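>>> Please work out how this folds:
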Amino acid sequence: TSTVRPSLFRGEDRSGVDPGHELYVQLPEEDPDHTEMCAPLKRHMYGTRRAADGWQDEYSTRMKEEGFTQGMASPCVFFHPLRRIAVSVHGDDFTAAGPKNQLHWFEGQMKNKYELTVGGRLGPGENDAKELTVLNRVLRWTSNGIEYEADARHSELIIEQLGLRSAKPLSNPATDDEPQAPTDDDELDAQYSTQYKSITMRASYLSHDRTDI
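Residues are numbered from 1 along each chain as shown. This is a model prediction of the structure:
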């Protein structure tokens, strides 16, 4: 398993803005016309709504040119049938799994097109990493197989937000009390409503790795 993060294009730039979705930006203050005029973008700008689509179109096109087949259920997953490489893309994080010599090839192809930060390679070799982080999830190569650990920060933040840092666990979470009839609750104010949404979505994200919750 190898992780890489491309940061800059090399050579031909395919990130041009779709002509059907023109976007205009303010001119910098050093431009004498900045108070009266604006400018159309010719390339995607980080933070704009179309930038993510442009980046996905860029890397998808490149991957398919290299012989990868794009996933049908998820367009962020690719597989090379001849080289036996599987790649998952999350933003600008590429995680690849396959034979060692083929991962060398994949990293080389990526370096020809982008500037990369290589996050490491997990494997049994003497120079391979035995532990690395992928999207804040911990992967370990052990004598008994590969271990997978969810991002612990999410559970720690949920405990912190709920004020349960000093709470003690129960041996049995059941109660003998009679069930109470539902009552009309007051609507949460903006502060607690935002906190509730944050905790709920964080727990939902964590549940993909922690099926016990």
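
>>> Quick one: name whatever helix or strand follows the host helix or strand of residue 103.
Secondary-structure assignment from DSSP states H and E places residue 103 in helix 100-113. Note on helix 100-113: by DSSP H and E, the next helix or strand toward the C-terminus is strand 114-121.

>>> Counting by contacts, list what that next one packs against.
Strand 114-121 sits against strand 2-9, helix 100-113, strand 131-134, with contacts defined as 3 or more CB pairs under 8 Å, 6 or more residues apart in numbering; DSSP states H and E. Just so you know, the C-beta spots here come from the backbone N, C-alpha and C atoms, and that holds for glycine as well.

>>> mean pLDDT for the ones you listed: which is lowest?
Ranked by mean pLDDT, these end with strand 2-9 in last place, scoring a mean of 55.

>>> Can you pull the poorly scored residue ranges out of the chain?
1-21 (pLDDT under 70).

>>> any chance you could map the strands in this protein?
Ranges of strands in the chain, per DSSP state E, are 2-9, 24-26, 38-40, 69-70, 77-80, 85-90, 93-97, 114-121, 131-134, 137-142, 145-149.

>>> from the chain's centre, how far out does the fourth one sit?
The gap between where strand 69-70 is centred and where its chain is centred comes out at 19 Å by CA atoms, centre = their mean, to the nearest Å.

>>> and if you look at the fifth one?
Mean-position distance between strand 77-80 and its chain equals 17 Å (CA atoms, centre = their mean).

>>> Any idea which residue is closest to the centre of the chain?
Taking CA atoms, centre = their mean, the centroid of the chain lies closest to residue 90, which sits 3.8 Å from it.

>>> how close does that residue sit to residue 177?
To residue 177, residue 90 is 45 Å away according to CB to CB, to the nearest Å.

>>> Next: residue 75.
Distance from residue 75 to residue 177, by CB to CB: 50 Å.

>>> Please apply the same query to residue 22.
63 Å.

>>> When the two are compared, which one has more neighbours?
Neighbour totals were compared for residue 22 and residue 177, and residue 22 leads with 9 against 6 (other CB atoms under 10 Å).

>>> Number of residues surrounding the nearest residue to the more buried one once chain neighbours are set aside?
Nearest non-adjacent residue to residue 22, counting by CB to CB, 6 or more residues apart in numbering: residue 40, 5.6 Å away. Residue 40 has 9 neighbours, counted by other CB under 10 Å.

>>> Specify the residue positioned farthest from the middle of this protein.
The C-alpha centroid of the chain is most remote from residue 178, which lies 45.3 Å away (CA atoms, centre = their mean).

>>> Show me the contact partners of stretch 24-35.
37-41, 45 (CB atoms under 8 Å, 6 or more residues apart in numbering).

>>> picking that back up, quick check on the residue farthest from the centre of the chain: phi, psi?
When quoted as degrees, to the nearest 10, the phi and psi of residue 178 stand at phi -70, psi 140.

>>> re the thing from before, tell me who's in contact with the residue nearest to residue 22.
When contacts are counted by CB under 8 Å, 6+ apart, residue 40 touches 22-24.

>>> That's all I had, so thanks and see you.
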